[in-house]
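# Fold the following, please.
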Amino acid sequence: MTKPSLPTKDPSDYRNDTLWNLTALAIQAASGAGIVIGLFFYSGSEYLGIFSQFYAIFVVAGQFFVFGIHDSVLKHSAEYYFDKIESDRLAFIALALGSIGAVIGFWLVLLGANFIAEKFYSQKVQFGLIWMAPGIFLFVLNKVLLGLLCGRQKFKQFSIAQALRSVSLALLVSMVIILDISAGYLGACFTFSELMVLFLQMKFVFSIWQSGRNLIKSKLDFKFWAKSHLTFGALSMPHGFLSESFIRVDILVLAFFIDDAAIGVYSFAAFFVEGIYQISILFRNITNPRLVRLIGNKDRIGLWKQAKKSSGLSILITILLSIFTLGGFLIIGEFIDIKEIETIKLLMYIIFPGLIIYSLFVPFDYALLQGGKPSIQSAYMLTITLLNVSLNILLIPLFGYIGAAIGTAIALTISGCLLMVFLHLTFNIFAWPKIKTQDLTF
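Next comes the predicted model:
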């Protein structure tokens with residue numbers, strides 16, 4: 001294996017990457033809004049509550065069974081950006097390992113559906129989990145592929161896949177609404193949407209499989225990258241599992257205290273919060289592969305320029321969208337007489353300030369991981385998730401879903417501050433030498 005040669009300047013155009021991702025996000029936002037509005041107003045809050053539980057289980061299970069391989073392939077493919085041979089080799093082995101995790105995930109969710117639902121959820125959720133099990137298999141494979149696209153900074157292909165996932169999910173959910181069938185079939189929507197994403201990537205999969213297989217010259221080649229992916233994945237797995245759970249902790253904890261309909265009311269507000277949060281994730285995705293280069297080269301000036309760009313755009317757009325969303329609900333409230341509207345607005349008033357503060361830090365949320373410190377990244381995610389869980393468990397019994405909103409807002413605010421502490425203690429960024437750096441274009 002050759003040593004990585006990190007690029008000294010950004011190998012792709014930040015402007016184009018941002019525009020492609022913003023376009024995909026707009027499509028995702030429209031699709032997500034269609035799902036939430038359709039379920040809430042046409043099928044009822046119970047359907048939305050069940051969908052929210054499926055969504056939370058789907059994302060958390062996918063993160064668990066991918067075993068951090070997607071994080072490893074993102075980081076290492078960014079390191080070997082200019083070494084196609086090594087990049088294809090590590091991608092092939094990552095895909096093979098991801099397939100094993102996908103099979104395990106499928107069978108465990110399928111066989112454990114009855115137990116999971118009997119202990120925590122309703123019979124409709126139990127039925128939907130059986131339909132959703134193949135989707136877990138597909139989701140794990142897609143996460144590895146999208147991690148590779150992100151690491152190679154192929155953001156056009158990455159964005160198209162993300163947009164297709166949301167559009168296909170919205171169309172499938174619409175079919176459930178129109179046909180007025182059991183809410184359990186919402187689980188099948190996740191499976192078929194992931195199938196569409198995988199079909200889109202099949203040419204990419206075959207190219208990786210053919211080139212990577214021919215590049216494995218010995219057992220040592222396979223052993224090296226298998227060990228590298230599994231080690232990095234094992235250390236980053238708590239991070240991956242908890243990073244997706246962190247923003248959804250309130251929904252997961254609420255399931256223990258209130259019924260599906262009540263969760264649906266909270267979910268209506270939470271989906272708009274999470275939708276705006278996707279802006280920060282967009283800039284995190286664009287920033288992640290660039291952080292491998294900046295941290296690897298100890299480029300303090302370049303890192304600061306990247307922070308001003310990514311974090312500045314993240315918080316600016318988050319503020320604008322938060323104002324636009326709240327304004328929209330104020331206008332809607334004047335014309336629609338629905339008792340839950342006032343509760344939904346109150347939930348947004350509580351969560352949005354925390355979300356705005358957190359949006360400043362989210363683009364660098366994975367900096368510890370991209371800097372080659374997966375264990376410290378996991379420790380950070382464990383810290384902030386435990387904080388969020390503790391606050392929700394403490395406040396929900398006292399204030400119901402208002403307590404969930406308060407706990408989440410506090411956790412989001414503190415999390416950004418904790419990230420800066422972890423970054424400073426790990427990399428001592430301010431001690432890096434000032435070196436000449438290539439200006440980032442936008």
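# need the contact list for Ile136.
Phe58, Ala61, Gly62, Phe65, Ala102, Gly105, Phe106, Val109 (Cβ atoms under 8 Å, 6 or more residues apart in numbering). For glycine as for every other residue, the C-beta is placed from the backbone atoms N, C-alpha and C.
# Model confidence for the second one, exactly?
The predicted local distance difference test score for Ala61 is 84.
# if we can go back for a sec, any chance of a ChimeraX selection covering the buried ones in the contacts of Ile136?
Burial among the contacts of Ile136 is assessed by 16 or more other Cβ atoms under 10 Å; the matching ChimeraX selection reads:
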select :58,61,62,65,102,105,106,109
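# Out of the contacts of Ile136, which comes closest to Gly233?
Ranked by distance to Gly233 (Cβ to Cβ), these are led by Phe65 at 11.2 Å.
# gap between Pro238 and Gln63?
10 Å (Cβ to Cβ, to the nearest Å).
# ok, back up a step: among the contacts of Ile136, name the ones in helices.
Phe58, Ala61, Gly62, Phe65, Ala102, Gly105, Phe106, Val109 (DSSP state H).
# May I ask which two of these are separated the most?
Distance extremes for these: the farthest pair is Phe58 and Ala102 at 13.4 Å, using Cβ to Cβ.
# The nearest residue in space to Ser236 that is not next to it in sequence: how many residues sit nearby?
Leaving aside its sequence neighbours, Ser236 sits nearest to Pro374 (Cβ to Cβ, 6 or more residues apart in numbering; 3.6 Å). Pro374 has 26 neighbouring residues, counting by other Cβ atoms under 10 Å.
# so Pro374 sits right up against Pro238, yeah?
No - counting by Cβ atoms under 8 Å, Pro238 is not a contact partner of Pro374; they are 9.0 Å apart.
# so what's in contact with these two at the same time?
Residues touching both Pro374 and Pro238 (Cβ under 8 Å, 6+ apart): none.
# May I have the host helix or strand of Leu48 as CSV, with CA atoms only?
Applying DSSP states H and E as the criterion places Leu48 in helix 45-65. Once non-C-alpha atoms are left out, helix 45-65 reads as follows in CSV (Å, rounded to 0.1, in the frame of the first residue of the first chain):
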residue,chain,number,x,y,z
SER,A,45,-51.6,12.6,13.4
GLU,A,46,-51.5,8.8,14.2
TYR,A,47,-50.2,8.1,10.7
LEU,A,48,-47.6,10.8,11.1
GLY,A,49,-46.6,9.4,14.5
ILE,A,50,-46.1,5.9,13.1
PHE,A,51,-44.1,7.3,10.1
SER,A,52,-41.9,9.2,12.5
GLN,A,53,-41.2,6.0,14.5
PHE,A,54,-40.4,4.1,11.3
TYR,A,55,-38.1,6.9,10.2
ALA,A,56,-36.2,7.0,13.5
ILE,A,57,-35.8,3.2,13.6
PHE,A,58,-34.7,3.1,10.0
VAL,A,59,-32.0,5.7,10.3
VAL,A,60,-30.7,4.4,13.7
ALA,A,61,-30.6,0.7,12.5
GLY,A,62,-28.9,1.7,9.3
GLN,A,63,-26.2,3.5,11.2
PHE,A,64,-25.7,0.5,13.5
PHE,A,65,-25.4,-2.1,10.8
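# next SSE after that helix?
Tracing the chain C-terminally past helix 45-65 and defining elements by DSSP H and E, one meets helix 69-79 next.
# Rounded mean pLDDT for that next one, please.
Here the average pLDDT along helix 69-79 is 89.
# packing partners for that helix?
Secondary structure elements in contact with helix 69-79, counted by 3 or more Cβ pairs under 8 Å, 6 or more residues apart in numbering; DSSP states H and E, are helix 84-120, helix 123-151, helix 219-246, helix 260-296, helix 367-370.
# and that helix, C-alpha only, in CSV?
The C-alpha trace of helix 69-79 is given here as CSV (Å, rounded to 0.1, in the frame of the first residue of the first chain):
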residue,chain,number,x,y,z
ILE,A,69,-17.6,1.6,7.2
HIS,A,70,-19.1,4.6,5.4
ASP,A,71,-17.1,6.9,7.7
SER,A,72,-13.9,5.0,6.9
VAL,A,73,-14.4,5.0,3.2
LEU,A,74,-15.2,8.7,3.2
LYS,A,75,-12.0,9.6,5.1
HIS,A,76,-9.7,7.3,3.3
SER,A,77,-11.0,8.0,-0.2
ALA,A,78,-10.4,11.7,0.5
GLU,A,79,-6.8,10.8,1.6
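# tell me the angle that helix makes with helix 123-151.
10 degrees (axes from the mean of the first three to the mean of the last three Cα atoms, to 10 degrees).
# hmm, who's touching helix 69-79?
4, 6, 87, 90-91, 94, 97-98, 101, 143-144, 146-148, 150-153, 228-230, 232-233, 236, 239-240, 288-289, 292-293, 296, 366, 369-370, 372, 374.
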